[in-house]
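K.L.:
Kindly generate the corresponding structure for this input.
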Amino acid sequence: MSTRSFDSLKLAPAQLQNLADLGYREMTDIQAAALPAAMAGEDLIAQAKTGSGKTATFALPLLSKLNPRDFGTQALVLCPTRELAAQVASEMRRLARYQQNIKVVVLCGGQSIGPQIGSLEHGAHIVVGTPGRIKDHLRKETLSLGRVSTLVLDEADRMLEMGFIDDISAIIDHTPQTRQTLLFSATYPDDINALSQRFQKSPREISVTAFVDDSLLEQQFFICQRNEKLSGLEKLLHRIRPDSAIVFCNTKESTREVCERLLESGIDALSLNGDLEQRDRDQVLVQFRQQSCRVLVATDVAARGLDIDGLPAVFNYDTPRDVETYVHRIGRTGRAGQPGLAVTLLAENERHRLDAISAYQGKELAFEVLAAVPTAKQHMPRAAYATLAIAGGRKDKVRPGDILGALTGEAGIDGKAVGRIDIMDHVAYVAVDNDLAGQALNRLTNGKIKGRKFKVRKLKGQPRARSRGSTGRR
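P.N.:
Purely as a prediction, here's the structure:
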């Protein structure tokens, strides 16, 4: 039996069948290295990036210990952002399908606390959330952590970077000392070690070296003057013309500056940073996923937990400050057997960062002089879709088929012109061919969905940030 086979773990036969049904064929590097110790009940401090399979690494041991008949909170997963918490909870529900009635509740800011309190009143085996909102529930005494047997700190480095250390400490004080604590971090700065020493018991240290698969991911580097970066990024996007791309910046101010320049050059772009309210963040991400925006300009923290299927390209407008962050960024493309492209702009005085990346990967990486790259004859095409927001969602019993039926029925839109549909609790988003968006908006506004009238609007432009004074990293 292969040591990468899930059969080598002490998992219930029903869970093994569930894993096979979900397409889990063999363990990833982090799973093979960490799961045996985690299943044995040991504390872990593991270095692993998004997309490495770390959710299953903590979910499988956690689920194996759950008592389905006890609706007290038996596991707590702390995440830095709402997006990551939602992603983790979704995967945990899939992994928990082999057991009946396992309840996973997400507790994050940016949404009303009332419905969350209502959910908790009916019990929750697993709670996934952000530190600030978890602390709110503890203060209101609407959440009890006295029966937690597993605590997970996911992307702990980002939680510390975002200033959550005091909240994390206060939350952990509410959990039993007998708990198992699993700490995951993409990078491993000194304060992660300090956090581990405070809250873990003789943790097993697991580090899976991140690598770049040259068969899937092409890396390109361009040297330019610092004041040529904006025009250089514009030139490369028009030349490469990816279907979609994430452009990474180191500061919030850079995301705004870059996004404005791209819009001026005719590139459909939106920025994602910590100045946006949660509702606006959700709308930006929906538009990017629905391809009504081609380029997302983001900071590392804002993009944490953002997982886009089939992302063809990543651009580093600002070179990351450490090699691990570089590998984490470019690892968002070239995944699941699909080819990817990672493009990095380097100012003349940043060549040492290319040397560091080369040394980390154990190979020499070539670069081009940006000024020598010819200007593209064609511009990057506009987004294929527009996103319509419908004021009715999951809580209103609205389903994707209802929206598709309204568009192809009363609205008379060809089904091929309808793209992705995303249903939230109180709002739904649908991508419609740009040329037909006006017709679809008019027909939905004046027609009905599932026999009911809903307000409908077209999402347009960058949401207004709550503050423009800060230039921090979030």
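
K.L.:
and the helix or strand containing Leu195, what does it pack onto?
P.N.:
According to DSSP states H and E, Leu195 maps onto helix 190-199. With contacts defined as 3 or more CB pairs under 8 Å, 6 or more residues apart in numbering; DSSP states H and E, the packing partners of helix 190-199 are strand 44-47, helix 156-161, helix 165-172, strand 180-185. Yep, even glycine has a C-beta here, placed from its N, CA and C like the rest.

K.L.:
tell me, which of those is the model least confident about?
P.N.:
When the helices and strands packed on helix 190-199 are compared on mean pLDDT, helix 156-161 scores lowest, with a mean of 86.

K.L.:
Output it as CSV, restricted to C-alpha atoms.
P.N.:
Extracted in CSV, the C-alpha atoms of helix 156-161 (Å, rounded to 0.1, in the frame of the first residue of the first chain):
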residue,chain,number,x,y,z
ALA,A,156,-1.6,32.2,11.0
ASP,A,157,1.1,34.5,9.5
ARG,A,158,-1.6,36.7,7.9
MET,A,159,-3.6,36.8,11.0
LEU,A,160,-0.6,38.1,12.9
GLU,A,161,0.2,40.5,10.1
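
K.L.:
Centre of the chain to that helix, how far?
P.N.:
Centroid displacement of helix 156-161 relative to its chain, using CA atoms, centre = their mean, to the nearest Å, is 15 Å.

K.L.:
okay, and for this protein, where does confidence drop off?
P.N.:
Filtered on pLDDT under 70, the chain yields the residue ranges 1-3, 49-51, 188-189, 208-214, 301-307, 336-337, 410-411, 464-474.

K.L.:
List of residues touching the helix or strand containing Ile403?
P.N.:
Ile403 belongs to helix 400-408 when assigned by DSSP H and E. For helix 400-408, contacts defined as CB atoms under 8 Å, 6 or more residues apart in numbering pick out 390, 413-415, 418, 421, 423, 428, 430, 432, 440, 443-444, 447-450.

K.L.:
thought Ala14 was touching Arg97?
P.N.:
No. The pair Ala14 / Arg97 is not scored as a contact, 9.1 Å apart, by CB atoms under 8 Å.

K.L.:
what are the ranges of the helices in the stretch 351-474 of the chain?
P.N.:
351-361, 400-408, 437-446 (DSSP state H, counting those that start in this stretch).

K.L.:
Tell me the buried residues in the longest one?
P.N.:
If I follow you right, that is helix 351-361. Residues of helix 351-361 classed as buried: Arg353, Leu354, Ile357, Ser358, Tyr360, Gln361 (neighbour count, 16 or more other CB atoms under 10 Å).

K.L.:
now stretch 84-103
P.N.:
For stretch 84-103, the neighbour count (16+ other CB under 10 Å) marks 84-89, 91-92, 94-96, 98-99, 102-103 as buried.

K.L.:
C-alpha coordinates for the helix holding Leu195, CSV please?
P.N.:
What follows is helix 190-199, C-alpha atoms only, in CSV (Å, rounded to 0.1, in the frame of the first residue of the first chain):
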residue,chain,number,x,y,z
ASP,A,190,9.8,34.6,14.1
ASP,A,191,6.4,35.6,15.5
ILE,A,192,4.9,32.3,14.3
ASN,A,193,7.4,30.4,16.4
ALA,A,194,6.5,32.7,19.4
LEU,A,195,2.8,32.0,18.9
SER,A,196,3.5,28.3,18.8
GLN,A,197,5.4,28.3,22.0
ARG,A,198,2.6,30.1,23.8
PHE,A,199,-0.3,27.8,22.7
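
K.L.:
Strand 180-185 and that helix, what's the angle between them?
P.N.:
180 degrees (axes from the mean of the first three to the mean of the last three CA atoms, to 10 degrees).

K.L.:
what does helix 190-199 contact?
P.N.:
For helix 190-199, the external contacting residues (CB under 8 Å, 6+ apart) are 45, 153, 156-157, 160, 165, 168-169, 172, 181, 183, 185, 203.

K.L.:
buried set for that helix?
P.N.:
If you call a residue buried by 16+ other CB under 10 Å, then helix 190-199 has these buried ones: Ile192, Leu195, Ser196, Phe199.

K.L.:
hang on, Gly72 packs against Gly123?
P.N.:
Yes. Using CB under 8 Å, Gly72 makes contact with Gly123 at a distance of 6.9 Å.

K.L.:
Show me which residues of the helix holding Ile403 are buried.
P.N.:
Going by neighbour count (16+ other CB under 10 Å), the buried part of helix 400-408 is Asp402, Ile403, Ala406, Leu407.

K.L.:
Can you tell me which of these is nearest Met27?
P.N.:
Met27 lies nearest to Ile403 out of the buried residues of helix 400-408, by CB to CB, at 38.6 Å.

K.L.:
quick one: contacts for Gln116?
P.N.:
Gln116 is in contact with Val105, Leu107, Arg133, His137, Thr142, counting by CB under 8 Å, 6+ apart.

K.L.:
picking up where we left off before, which of the buried residues of helix 400-408 sits closest to Asn250?
P.N.:
When the buried residues of helix 400-408 are compared for distance to Asn250 (CB to CB), Ile403 wins out at 38.8 Å.

K.L.:
Distance check, the closest one against Arg420.
P.N.:
To Arg420, Ile403 is 11 Å away according to CB to CB, to the nearest Å.

K.L.:
ok, the residue nearest to Ile171 when sequence neighbours are not counted - contacts?
P.N.:
Nearest non-adjacent residue to Ile171, counting by CB to CB, 6 or more residues apart in numbering: Ile134, 5.5 Å away. Contacts for Ile134 (CB under 8 Å, 6+ apart) come out as Leu76, Leu78, Leu107, Val127, Leu143, Asp167, Ile171.

K.L.:
closest to Leu311 among those?
P.N.:
Nearest to Leu311 among the contacts of Ile134, counting by CB to CB, is Leu78 at 26.3 Å.

K.L.:
my guess is the closest one meets Val152, correct?
P.N.:
Yes. Taking contacts as CB under 8 Å, Leu78 lies within contact range of Val152: 6.8 Å.

K.L.:
Identify the contacts common to these two.
P.N.:
Residues touching both Leu78 and Val152 (CB under 8 Å, 6+ apart): none.

K.L.:
How about the contacts made by Leu78?
P.N.:
Going by CB under 8 Å, 6+ apart, Leu78 touches Gly129, Thr130, Pro131, Ile134, Leu151, Val152, Leu153, Asp154, Met159, Ile168, Ile171.

K.L.:
swap the cut-off to 6 Å and go again
P.N.:
Counting by CB atoms under 6 Å, 6 or more residues apart in numbering, Leu78 touches Pro131, Leu153.

K.L.:
separation between it and Glu324?
P.N.:
With the distance defined as CB to CB, Leu78 ends up 21 Å from Glu324.

K.L.:
Please report the distance of the closest residue to Arg241 other than its chain neighbours from Leu236.
P.N.:
Once flanking residues are discounted, Arg241 sits nearest to Met380: 4.9 Å by CB to CB, 6+ apart. Distance check for Met380 against Leu236: by CB to CB, it reads 10 Å.

K.L.:
For stretch 422-439, could you pull out the residues that count as buried?
P.N.:
Buried positions in stretch 422-439, judged by neighbour count with 16+ other CB under 10 Å: 422-424, 427-433, 436-437, 439.
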